[in-house]
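with the input below, show me the fold.
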Amino acid sequence: MTLHEKYVYHSLSHSWTASLANGAIVATAAEWVGDTWTFNGHSTNGAKATPFRMTYTRLGDGAFRRDFRGVEHGVWTTYSGETCLR
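Numbers count the residues shown, from 1 in each chain. I've put the predicted structure just below:
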């Protein structure tokens, strides 16, 4: 599988934009502070845009977890997650 992700830092607003899946998912976040970093945006499937949230959680010096969430029946629900080790 090939993942296409692009992260752009905006120095004037001290924020980030993430574009995943060749632009099918676009989300923004403030700078990473503390143990979590959350991007909020939308995912598009055809003409329909749905809320999207991606959260990075630091698990210590050598690892972090990334969770993908969408709204299902009015509730934020994790539909995918991964843990990355250094």
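
centroid-nearest residue for this protein?
residue 54 (2.7 Å; CA atoms, centre = their mean).

list the buried residues in stretch 6-18.
Across stretch 6-18, burial judged by 16 or more other CB atoms under 10 Å covers 16-18. Where C-beta positions appear, they are placed from N, C-alpha and C, glycine not excepted.

and that stretch, how far apart are its ends?
Counting by CA to CA, to the nearest Å, you get 6 Å between the two ends of stretch 6-18.

so which of the buried residues of stretch 6-18 comes closest to residue 73?
Residue 73 lies nearest to residue 18 out of the buried residues of stretch 6-18, by CB to CB, at 25.5 Å.

the closest one - that's part of a strand, no?
Yes: the assignment for residue 18 by DSSP: H, G, I helix; E, B strand; the rest coil puts it in a strand.

what bridges to it?
Counting by DSSP bridges, residue 18 forms beta bridges with residue 7, residue 27.

so it sits against residue 27, correct?
Yes: assessed by CB atoms under 8 Å, residue 18 is found in contact with residue 27 at 5.2 Å.

got any residues that touch both of these two?
39, 41, 54 (CB atoms under 8 Å, 6 or more residues apart in numbering).

what sits against residue 60?
Counted by CB under 8 Å, 6+ apart, residue 60 has zero contacts.

okay, and it sits in which element?
Secondary structure from DSSP states H and E places residue 60 outside every helix and strand.

next one: the one 4 residues further on
In this structure, residue 64 is located in strand 63-72 according to DSSP H and E.

so how far is that strand from its chain's centroid?
Its chain's average C-alpha position is 7 Å from that of strand 63-72, according to CA atoms, centre = their mean, to the nearest Å.

what sits against residue 57?
35-36, 64-67.

report the secondary structure state of it.
Put simply, residue 57 is strand when judged by three-state DSSP.

what residues are bridge-paired with it?
Going by DSSP bridges, residue 57 forms beta bridges with residue 36, residue 65.

just for this structure, where's the confidence low?
1 (pLDDT under 70).

let's see it at 90
1-4, 20-25, 33, 43-50, 61, 71-73, 86 (pLDDT under 90).

between the shared contacts of residue 18 and residue 27, which is nearest residue 47?
Using CB to CB, the shared contacts of residue 18 and residue 27 come closest to residue 47 at residue 41, 16.7 Å.
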